[in-house]
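Engineer: sharing a sequence plus its predicted fold:
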Amino acid sequence: MSEVASAHGVVHFDAFEVDFRKGEVRKCGFRIRLQAQPFHILQVLLEHPGELVSREELHRQIWPADTFVDFEKGLNNAIRKLRDALGDSAEQSRFIETQARRGYRFIGLVTEINTAEPTQVVNLPDEREAPAHSRLFNGDLAKGAVLFLGLVAILFGLDVGGLRQRLLVKASSPVIHSLAVLPLANLSNDSNQEYFSDGMTDALITDLAQVGSLKVISRTSSMQYKQTKKSLPEIARELSVDGIVEGTVQRSGDHVRITAQLIHGPSDKHLWANSYEREVSDVFMLEREVAGDIARQVQARLATDKRSQLVQPRPVNPAALEAYLQGNSHMHKFSRGFGDEELKRANVYFKQTIDAQPDFAPGYIGMSKAHRTMQSSSEDMEIAKKAAERALALDPNLADAWTTLADIQCDFWDWPEAERDYRRALNLNPNDAIAHEHLGWLLDALGRLDEGWKEAQIAQQLDPHEEHLEAALDNRREYDEIIRHISTMLEADPDNAVLHHQLYEGYAGKGMHKEAVQELEHCLVLFGFQQTAAKVGRAFAVSGYKGAMHEWAKQLEYLHATNQMFVPVNLASAYAVTGDKDRAFYWLEQAYKRRGYGSVGLSMVFVNRDPSLEPLHSDPRYKDLCRRVGLPP
């Protein structure tokens, strides 16, 4: 073995590290999957850097004489796998040069892991002199080759006929059109730092989502693979993506280190890796640098997209950063059903964020979302709107702020302004699943059903593990598809109360009343209303479906009176099914009076499409309500 390879059993070339003792190859700290025979070939080549290793020598060392295999086929396959792992190619060799019918030579720059002096590989010309006539012929041929290559260089440089782009795209396969960022692993000694690594994952997804030519899976679907044991090809298949980003976050004092790698998901082929380190105050700059590098790697496989130039953020006060990431963590816990206490904690942290750094725009977005969701007083919506507007005043390129403001516009039934704000958000971040879904609701309400359905489909594609289609399907009376779609989602998430309520709506629309009531009961139990579920079930047994809906309406009124729940449109729907139109319109008027009251105001976007309200359509009060809300009847 050469001195380079034998000193410590570890050598470096380019971004790669080869450990002969462990039989491992790593790039930027990430282990590269490599089978035994390709690794053995790499070891032999690294033992003789710059030297030709004959095919016969490889045969002797790797395929002993008593091994009965197709040597030529086996060697060619092993070399191909080795090149794939290193990102090398036979046509444009960076590391492994082929000598036709003779063997292979390692031509990279090799260093010992602790040695500053590199072992430079120099390819020496063959010293044997060719015959005179051969030299004359070869000279003419060389001149012609130089002219030809010069012409190609000019055409390539000018990109005539798109030559450069076609060659680069072809050379950089596989193509990445879609991407998922898996949760970055927390390498800090403190397990309580999970909120920090999750926050970095959020930020990376948000920035990559701004690459307009790339489909990026939403956080809610990607985070379900935290600490998963599924293989990357399996994850890629479930999310319908080409590329997967995985990595680590390590926080130590005032320093943060992030490593990231890009994998072609279907083939599990390593494409790129790098590591980054900055001060905590520059963590968003660090994360933006990671996103920018990944975007450039992906764009080597796509047509250049001018919108993907990511603007560098300003430094953030460490105290503001800490509070902001804690606030986001509690908001995510609340969204997963951990209770109102999580929402209150989130709001406290977002206030601390703004107190620590009043010009930190994301803190205002968090505050806006928390107050809009909380609605504990009449001032909450005013605070939510002002906070969203303040975020946009600080940074008008924050897509999430435009989506938040658009939701608030819907709460106040300002449909034209809401549509404009959703489209502003999607222009900045075309991968925002929530913006697509809510825009779809609005377009449906305005009677633009083709446009609305397209938005719903996009939302579901961007966030396949969350539900984004049921409302659109319900608006179109596609009950069989609702039942199929929601049943499939419940297989993966059987205790999701919202999904059971949506399945109840599908069964009710199809007239499968027994199944509908069973799903409603299941939903209520999961939400913690066991007594209500039992009463609805008994009413169905005694008085049928209308009796069950009458009992359900009574129970909803009780929950409203005891400040446990306020869903006036649902109450109106239940009374409409029972035939009690007066009571149905009473609750629709209660919803109307709550204009600007968060989700209550937004629920009116369904008032002219909800199938359960159809018994009210012939009543003049219904058309008058639609007119006042600003929607076509």
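Structural biologist: The structure has been received and is ready for your questions.
Engineer: excluding chain neighbours, what is closest to the spatially most central residue of the chain?
Structural biologist: Geometric centre of the chain, nearest residue: Ile217, 2.9 Å, by Cα atoms, centre = their mean. Of all residues not flanking Ile217 in the chain, Ala180 sits nearest, at 4.2 Å (Cβ to Cβ, 6 or more residues apart in numbering). (Glycine included, C-beta is placed from N, CA and C.)
Engineer: so that neighbour touches Ser222, yeah?
Structural biologist: Yes. With contact defined as Cβ atoms under 8 Å, Ala180 counts as touching Ser222 (5.3 Å).
Engineer: which neighbours do the two share?
Structural biologist: Common neighbours of Ala180 and Ser222, using Cβ atoms under 8 Å, 6 or more residues apart in numbering, are Leu239.
Engineer: how far away is Glu467 from Gln43?
Structural biologist: Relative to Gln43, Glu467 is positioned 51 Å away (Cβ to Cβ, to the nearest Å).
Engineer: before we move on, what about Gly601?
Structural biologist: Distance, Gly601 to Gln43, by Cβ to Cβ: 67 Å.
Engineer: likewise Pro183?
Structural biologist: 35 Å.
Engineer: which one of these two has more residues nearby?
Structural biologist: When neighbours are counted by other Cβ atoms under 10 Å, Pro183 and Gln43 differ, and Pro183 comes out ahead with 23 against 18.
Engineer: how about that one, what does it touch?
Structural biologist: Pro183 sits in contact with 197-198, 201, 222-223, 225-227, where contact means Cβ under 8 Å, 6+ apart.
Engineer: top of the residues you listed by number of neighbours, please.
Structural biologist: Ser222 (26 neighbours).
Engineer: quick one: it and Gly596, what's the gap?
Structural biologist: As judged by Cβ to Cβ, Ser222 and Gly596 stand 33 Å apart.
Engineer: regarding the chain, what is its longest helix?
Structural biologist: helix 530-561 (DSSP state H).
Engineer: which positions within it qualify as buried?
Structural biologist: Residues of helix 530-561 classed as buried by neighbour count (16 or more other Cβ atoms under 10 Å): 532-533, 535-537, 539-540, 545, 547-556, 559-560.
Engineer: likewise stretch 92-107?
Structural biologist: For stretch 92-107, using 16+ other Cβ under 10 Å, the buried residues are 93, 95-97, 103-107.
Engineer: quick one: mean pLDDT for it?
Structural biologist: Per-region confidence: stretch 92-107 scores 83 on mean pLDDT.
Engineer: and it, C-alpha only, in PDB?
Structural biologist: The C-alpha trace of stretch 92-107 is given here as PDB (Å, rounded to 0.1, in the frame of the first residue of the first chain):
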ATOM      1  CA  GLN A  92     -15.600  13.700 -18.000                       C
ATOM      2  CA  SER A  93     -13.400  12.000 -15.400                       C
ATOM      3  CA  ARG A  94     -12.500  13.800 -12.300                       C
ATOM      4  CA  PHE A  95     -11.300  10.900 -10.300                       C
ATOM      5  CA  ILE A  96     -11.200   7.600 -12.300                       C
ATOM      6  CA  GLU A  97      -9.700   7.700 -15.700                       C
ATOM      7  CA  THR A  98     -10.200   4.800 -18.100                       C
ATOM      8  CA  GLN A  99      -7.400   3.500 -20.200                       C
ATOM      9  CA  ALA A 100      -9.200   1.600 -23.000                       C
ATOM     10  CA  ARG A 101      -8.600  -2.200 -22.700                       C
ATOM     11  CA  ARG A 102      -5.800  -1.600 -20.300                       C
ATOM     12  CA  GLY A 103      -7.100  -0.500 -16.900                       C
ATOM     13  CA  TYR A 104      -7.900   2.500 -14.700                       C
ATOM     14  CA  ARG A 105      -6.000   5.300 -13.000                       C
ATOM     15  CA  PHE A 106      -6.900   7.600 -10.100                       C
ATOM     16  CA  ILE A 107      -6.300  11.100 -11.200                       C
END
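Engineer: low-confidence regions, this protein specifically.
Structural biologist: Residues of the chain that meet the criterion pLDDT under 70 lie in 1-8, 28-29, 63-71, 112-173, 189, 300-313, 376-377.
Engineer: could you chop it up by domain?
Structural biologist: Taking automatic domain parsing as the criterion, the chain consists of the domains 3-112, 132-171, 178-315.
Engineer: any idea which of those is most buried?
Structural biologist: Most buried of the domains of the chain, by mean neighbour count (mean count of other Cβ atoms under 10 Å): domain 178-315, with a mean of 19.
Engineer: start to end distance for that one?
Structural biologist: Length of domain 178-315, first residue to last, Cα to Cα, to the nearest Å: 30 Å.
Engineer: could you verify that Ile258 is part of a strand?
Structural biologist: Yes. Applying DSSP: H, G, I helix; E, B strand; the rest coil, one finds Ile258 inside a strand.
Engineer: not counting its neighbours along the chain, what's nearest it?
Structural biologist: Computed as Cβ to Cβ, 6+ apart, the closest residue to Ile258 that is not its neighbour in sequence is Tyr276, at 4.9 Å.
Engineer: cool, Ala406 as well?
Structural biologist: Sequence neighbours aside, Asp421 is the residue nearest to Ala406 in space, at 3.5 Å (criterion: Cβ to Cβ, 6+ apart).
Engineer: list the contacts of Gly103.
Structural biologist: Contacts of Gly103 by Cβ under 8 Å, 6+ apart are 52-58.
Engineer: out of these, which are inside helices?
Structural biologist: Short answer: the contacts of Gly103 in helices (DSSP H) are 55-58.
Engineer: would you map the helices across the stretch 251-400 of the chain?
Structural biologist: For the stretch 251-400 of the chain, the helices defined by DSSP state H, counting those that start in this stretch cover 283-299, 318-335, 340-356, 361-374, 380-394, 399-411.
Engineer: now render these as JSON lines, adding distance to Arg83.
Structural biologist: Shown next, in JSON lines, are the helices of the stretch 251-400 of the chain (distance: least, Cβ to Cβ, whole Å):
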{"stretch": "helix 283-299", "distance to Arg83": "18"}
{"stretch": "helix 318-335", "distance to Arg83": "41"}
{"stretch": "helix 340-356", "distance to Arg83": "49"}
{"stretch": "helix 361-374", "distance to Arg83": "43"}
{"stretch": "helix 380-394", "distance to Arg83": "48"}
{"stretch": "helix 399-411", "distance to Arg83": "40"}
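Engineer: out of those, which comes closest to Gly452?
Structural biologist: When those are compared by Cβ to Cβ, helix 399-411 sits nearest Gly452, at 13.9 Å.
Engineer: for that closest one, which helices and strands make contact with it?
Structural biologist: Packed against helix 399-411 by the contact rule (3 or more Cβ pairs under 8 Å, 6 or more residues apart in numbering; DSSP states H and E) you find helix 361-374, helix 380-394, helix 415-428, helix 433-445, helix 599-603.
Engineer: could those go into JSON lines alongside mean neighbour count and distance to Ala508?
Structural biologist: Formatted as JSON lines, those follow (neighbours: other Cβ atoms under 10 Å; distance: least, Cβ to Cβ, whole Å):
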{"stretch": "helix 361-374", "mean neighbour count": "25", "distance to Ala508": "28"}
{"stretch": "helix 380-394", "mean neighbour count": "19", "distance to Ala508": "32"}
{"stretch": "helix 415-428", "mean neighbour count": "19", "distance to Ala508": "28"}
{"stretch": "helix 433-445", "mean neighbour count": "24", "distance to Ala508": "19"}
{"stretch": "helix 599-603", "mean neighbour count": "20", "distance to Ala508": "18"}
